[in-house]
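J.: below: sequence and its predicted model.
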Amino acid sequence: MYVAPKAPQQDSDFTYIPLYDIRAAAGPGALVEKEEVKDFLAFKQDWIRGVLRVNPQDLRLIYVDGDSMEPTLHHGDLILVNVGNHAVVRDGIYVVRFGQAVMVKRLQLLPGDRLKVKSDNESAYEPFIIDLKKLGEEVAVIGRVVWTGRGL
């Protein structure tokens, strides 16, 4: 039986961001069957507000799975996702759901209510275009990636 970890007590200096047992595919797509908090990681509140300029309550941590976003993101990297940002208001790296598949991709706004979805590993993965009118039906933007970390 799964028992969710308890969030540490908040203090004035740190906020504890939930780490979900989700892997955003940097490749063909990973199915999300359940979203469980695996742990919490501490981040300085001043850094989140001053450098990232986001609300700490809107942040989630997940892992990258696959090679499609190399060299920017690698398999196993930890990404900090601003889930309070569901609209694509500027080009950047986002976590996107296509059906039940969750992917991390670079999104580029195009004229005519279109969105270019591309991988940084362009030699292995072809970009594709989606109609912005399909957002919410077949496609949902989960949030914008605002930070990444990795082990050496």
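T.: Okay, I see it. Numbers count the residues shown, from 1 in each chain.

J.: so what's residue 23 bridging to?
T.: residue 63 (DSSP bridges).

J.: likewise for residue 128?
T.: Beta-bridge partners of residue 128, as defined by DSSP bridges: residue 117.

J.: make sure it is actually in contact with residue 117.
T.: Yes: taking contacts as C-beta atoms under 8 Å, residue 128 lies within contact range of residue 117: 5.4 Å. Quick note: C-beta positions are derived from backbone N, CA and C, even for glycine.

J.: which one of these two is surrounded by more residues?
T.: Taking other C-beta atoms under 10 Å, residue 128 and residue 117 do not tie; residue 117 has more neighbours (19 against 11).

J.: would you confirm that that one contacts residue 107?
T.: Yes: judged on C-beta under 8 Å, residue 117 makes contact with residue 107 at a distance of 6.1 Å.

J.: shared neighbours, the two?
T.: residue 96 (C-beta atoms under 8 Å, 6 or more residues apart in numbering).

J.: could you confirm residue 47 falls within a helix?
T.: Yes: judged by DSSP: H, G, I helix; E, B strand; the rest coil, residue 47 forms part of a helix.

J.: close enough to count as contact, residue 24 and residue 105?
T.: No: at 9.0 Å, residue 24 and residue 105 do not qualify as touching, with contact defined as C-beta under 8 Å.

J.: which one's more surrounded, these two?
T.: The residue with more neighbours, out of residue 24 and residue 105, is residue 24; 30 against 25, by other C-beta under 10 Å.

J.: okay, now the unreliable bits of the chain?
T.: For the chain, the stretches flagged by pLDDT under 70 are 1-7, 25-34, 137.

J.: distance from the chain centre to stretch 39-47, please.
T.: Distance of stretch 39-47 from the chain centroid (C-alpha atoms, centre = their mean, to the nearest Å) equals 17 Å.

J.: any idea how far residue 35 is from residue 64?
T.: 16 Å (C-beta to C-beta, to the nearest Å).

J.: quick one: which of those two has more around it?
T.: residue 64 (27 against 12).

J.: find the nearest non-adjacent residue to that one, please.
T.: Among residues not flanking residue 64 along the chain, residue 77 sits closest, at 4.4 Å (C-beta to C-beta, 6 or more residues apart in numbering).
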